[in-house]
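Asker: with the input below, show me the fold.
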Amino acid sequence: MTGRRTRSVVATTLAAGLALSAAACGGSGGKAAASGSGPVSITVGCEPPTSQATARKNWEADVAAFEKANPGITVKGDDSNPCDDPATFDAKLASGKMDDVFYTYFTDGANVISSGQAADIQQYANQINDFKDVQSSLLDIYRQGGADTGDLYGIPTGNYSLGLVYNRALFQRAGLDPAKPPTNWDEVESDAIAISKLGGGIVGYGDYSAQNTGGWHLAAEVYSRGGHMVAADGKSAAFDDATGLATLQFLHKLRYVDNVMGTKQGLQYNDLLQMMASGKLGMYVGSPDNLTAIHSQYNVPYTDLGVGPMPGETATLVGGSGYMFNKNDSPAQIQAGIKFVDYEFMTSGLGQFDYPRLAQTGQPVGLPEPDLWSGAAAAADAATVAKYANIPTANFAAYVAAIPTMKLLVEPPQAQAIYAQGDKAMDAVLTSPGADLQSLLDTFKKQADSILANAQQ
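Answerer: Purely as a prediction, here's the structure:
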């Protein structure tokens with residue numbers, strides 16, 4: 001989820017050195033002497049903290065190189081707060097205390113635009129590297145009302161799509177082909193049964209139901225079956241239908257008929273990563289950067305891990321982050337900010353895409369994210385990744401092949417509030433053998449409708 005839980009996912013990726021990691025909000029920095037003339041200074045959020053020595057060193061080196069190439073621009077990194085702290089973000093936004101160039105998660109884009117606190121940068125868009133190849137669905141997140149409406153309030157700099165994280169070693173032990181992860185939910189069920197038969201407390205398939213993660217996964221699983229969480233007008237829930245019911249019925253079957261989900265429930269984000277790392281979990285819905293976290297935190301070899309497509313191959317939930325520009329920025333600051341974001345986050349071979357540097361410092365090169373481009377830019381970046389890859393990219397082959405064929409759907413409005421209520425439904429499904437699934441859906445819909453209605457006021 002690009003909201004609060006993917007905030008953890010993204011933070012894990014950034015901490016691993018794939019992109020930058022900490023800090024966002026602060027006061028607006030110094031202004032240009034005059035629009036379009038003289039030196040210009042900008043504050044940029046999400047500078048890595050000193051506790052992340054390698055990422056911080058790389059950031060400082062990049063800022064120095066950028067300033068040398070652009071002698072009229074001064075970049076002041078802000079590491080004073082987490083990149084996008086949910087406890088303080090909205091308050092700082094309302095009070096106008098954002099950086100000149102400030103970090104946002106995809107779920108914040110619409111709220112920031114409606115708040116009037118971001119500058120429209122459409123007239124400068126062509127200054128963005130390979131702008132024509134940036135995925136339109138990502139740019140639309142930073143447009144008023146989505147879709148190409150002739151405005152643009154931000155630049156996407158990180159993107160992931162959910163798939164199926166799986167344990168290749170357990171697949172091998174269970175007589176399954178590690179190179180062929182399941183591509184639909186029926187195959188997930190049969191593979192989970194085979195893995196669970198290994199015994200020893202091994203769980204075939206895992207899912208969340210706490211700290212907003214249950215609602216997040218429920219949304220992703222509804223998407224994968226062709227459903228939606230919220231109606232197109234954003235005013236009412238859309239999951240209380242045959243698709244939503246089928247999603248809950250399937251999970252309940254895995255839990256109580258197939259007995260492949262284990263007895264411990266109420267799981268939150270890190271639980272499934274730990275289970276996978278301990279060799280006790282076969283599969284769960286997750287993003288490619290989970291492999292980095294599992295490898296770096298628990299020393300699990302990349303060769304034991306893989307990511308397949310989101311089962312169903314119909315649609316998948318996407319998340320990520322980007323930078324927006326303070327409404328008080330001068331034209332010179334906006335252009336300077338675009339130049340820096342372009343340098344640090346949007347150019348293959350530089351900044352977060354400096355693959356030689358990543359490889360030399362032991363960071364993973366070869367994960368299929370951040371996935372920003374299509375067309376020629378994507379092909380060129382892929383060729384460079386292949387040159388420096390230091391993890392087995394074949395372990396993502398099925399995932400990579402499926403993504404272009406799938407609908408990429410962003411999280412619903414008011415995602416975190418809705419997910420919190422979705423946790424309750426997921427927990428009941430996974431802990432109550434006699435759960436009334438339709439009643440759970442009905443209750444969840446009423447709660448989601450209330451959340452959406454309150455947001456309209």
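Asker: every contact and neighbour count from this point should use C-alpha atoms.
Answerer: OK.
Asker: the longest strand in this protein is where?
Answerer: Counting by DSSP state E, the longest strand found in the chain is strand 315-325.
Asker: show residues contacting the lengthiest helix in the chain.
Answerer: When secondary structure is assigned using DSSP state H, the longest helix within the chain turns out to be helix 437-456. The contact list for helix 437-456, computed with Cα atoms under 8 Å, 6 or more residues apart in numbering, reads 234-240, 244-245, 248-249, 413-414, 417-418, 421-422, 425, 428-429.
Asker: also stretch 254-270?
Answerer: Applying Cα under 8 Å, 6+ apart, the contact partners of stretch 254-270 are 5, 189, 192-193, 196, 201-211, 213-214, 253, 427, 430-431, 433.
Asker: per-residue pLDDT, residue 221?
Answerer: The confidence metric pLDDT takes the value 98 at residue 221.
Asker: would you mind giving the secondary structure of it?
Answerer: Three-state assignment for residue 221 (DSSP: H, G, I helix; E, B strand; the rest coil): helix.
Asker: neighbours around it, how many?
Answerer: Here the count is done by other Cα atoms under 10 Å, and residue 221 has 26 residues near it.
Asker: chain neighbours aside, what residue packs nearest to it?
Answerer: Using Cα to Cα, 6 or more residues apart in numbering and skipping residues adjacent in sequence, the residue nearest residue 221 is residue 247, 6.7 Å away.
Asker: okay, buried residues for the host helix or strand of the one you found please.
Answerer: With secondary structure defined by DSSP states H and E, residue 247 is part of helix 242-256. Along helix 242-256, the positions that meet the burial threshold by neighbour count (16 or more other Cα atoms under 10 Å) are 243-245, 247-248, 251-256.
Asker: likewise stretch 126-142?
Answerer: For stretch 126-142, the buried set under the neighbour-count rule, 16+ other Cα under 10 Å, comprises 128-131, 134-135, 137-142.
Asker: and stretch 195-215, by the same measure?
Answerer: Neighbour-count burial for stretch 195-215, counted by 16+ other Cα under 10 Å, picks out 195-196, 202-215.
Asker: same check, this time on stretch 48-64
Answerer: So, applying 16+ other Cα under 10 Å, buried residues of stretch 48-64: 48-49, 52, 54-56, 58-60, 62-63.
Asker: measure residue 98 to residue 91 for me?
Answerer: Noted for residue 98: a distance of 10 Å to residue 91, by Cα to Cα, to the nearest Å.
Asker: swap in residue 453?
Answerer: Between residue 453 and residue 91 the distance is 21 Å, computed by Cα to Cα.
Asker: how does the chain divide into domains?
Answerer: The chain resolves into domains spanning 4-160+319-392, 163-286+414-456 when parsed by automatic domain parsing.
Asker: span of the last one from start to end?
Answerer: Okay, so that is domain 163-286+414-456. Using Cα to Cα, the end-to-end distance of domain 163-286+414-456 comes out at 32 Å.
Asker: name the next helix or strand downstream of the lowest-mean-pLDDT helix or strand in the chain, please.
Answerer: Across the helices and strands of the chain, mean pLDDT, DSSP states H and E gives its lowest value to helix 4-15, namely a mean of 37. Where DSSP H and E defines the elements, the next helix or strand beyond helix 4-15 is strand 40-45.
Asker: all strands for the stretch 151-300 of the chain, in order.
Answerer: Counting by DSSP state E, counting those that start in this stretch, the segments of the stretch 151-300 of the chain that form strands are 154-161, 163-167, 203-205, 281-286.
Asker: tell me which of these lies nearest to residue 391.
Answerer: strand 163-167 (15.5 Å; Cα to Cα).
Asker: just how off-centre is the closest one within its chain?
Answerer: Mean-position distance between strand 163-167 and its chain equals 16 Å (Cα atoms, centre = their mean, to the nearest Å).
Asker: elements contacting it?
Answerer: The helices and strands touching strand 163-167, judged by 3 or more Cα pairs under 8 Å, 6 or more residues apart in numbering; DSSP states H and E, are strand 281-286, strand 305-308.
Asker: now, of the contacts of helix 437-456, which are buried?
Answerer: By the neighbour-count criterion of 16+ other Cα under 10 Å, the contacts of helix 437-456 include these buried positions: 234-240, 244-245, 248, 413-414, 417-418, 421-422, 425, 428-429.
Asker: is residue 41 in contact with residue 77, as I believe?
Answerer: No. Residue 41 is not in contact with residue 77 according to Cα atoms under 8 Å; the separation is 10.8 Å.
Asker: just list the residues touching residue 323, thanks.
Answerer: Residue 323 makes contact with 101-104, 154-157, 341, according to Cα under 8 Å, 6+ apart.
Asker: what residues are up against the nearest residue to it once chain neighbours are set aside?
Answerer: In space, not counting the residues next to it along the chain, residue 323 is nearest to residue 103; the distance is 4.6 Å by Cα to Cα, 6+ apart. The contact partners of residue 103, by Cα under 8 Å, 6+ apart, come to 24-25, 45-46, 83-84, 321-324.
Asker: same thing with residue 177?
Answerer: The contact partners of residue 177, by Cα under 8 Å, 6+ apart, come to residue 171.
Asker: what does residue 370 give?
Answerer: Listed by Cα under 8 Å, 6+ apart, the contact partners of residue 370 are 157-160.
Asker: next: residue 412.
Answerer: Contacts for residue 412 were tallied using Cα under 8 Å, 6+ apart; they are 229-230.
Asker: same deal with residue 373?
Answerer: Contacts were defined as Cα under 8 Å, 6+ apart; by that measure residue 373 touches 133-135.
Asker: can you rerun that using 10 Å?
Answerer: With contacts taken as Cα atoms under 10 Å, 6 or more residues apart in numbering, residue 373 has the following neighbours: 130-136, 138, 159, 346, 379-381.
Asker: narrow those to those in strands?
Answerer: Cross-referencing the contacts of residue 373 with the strands (criterion: DSSP E) gives residue 159 as the overlap.
Asker: what's the farthest-apart pair in the contacts of residue 373?
Answerer: Using Cα to Cα, the contacts of residue 373 span at most 19.2 Å, a distance reached by 138 and 380.
Asker: thinking again about what came up before, now do the same for the residue nearest to residue 323: helix, strand or coil?
Answerer: Relying on three-state DSSP, one would call residue 103 strand.
Asker: need the pLDDT of it.
Answerer: Looking at residue 103, its pLDDT reads 96.
Asker: next one: residue 234
Answerer: The pLDDT attached to residue 234 in the predicted structure is 89.
Asker: backbone dihedrals for it, please?
Answerer: Dihedral angles of residue 234 (phi, psi; degrees, to the nearest 10) stand at phi 70, psi 10.
Asker: got it, and the one 5 residues further on?
Answerer: Reported as degrees, to the nearest 10, the phi and psi values for residue 239 are phi -100, psi -10.
Asker: ok, it to residue 412 distance?
Answerer: As it turns out, when the distance is counted by Cα to Cα, residue 239 lies 11 Å from residue 412.
Asker: who touches both of those two?
Answerer: Counting by Cα under 10 Å, 6+ apart, the residues touching both residue 239 and residue 412 are 219, 228-231.
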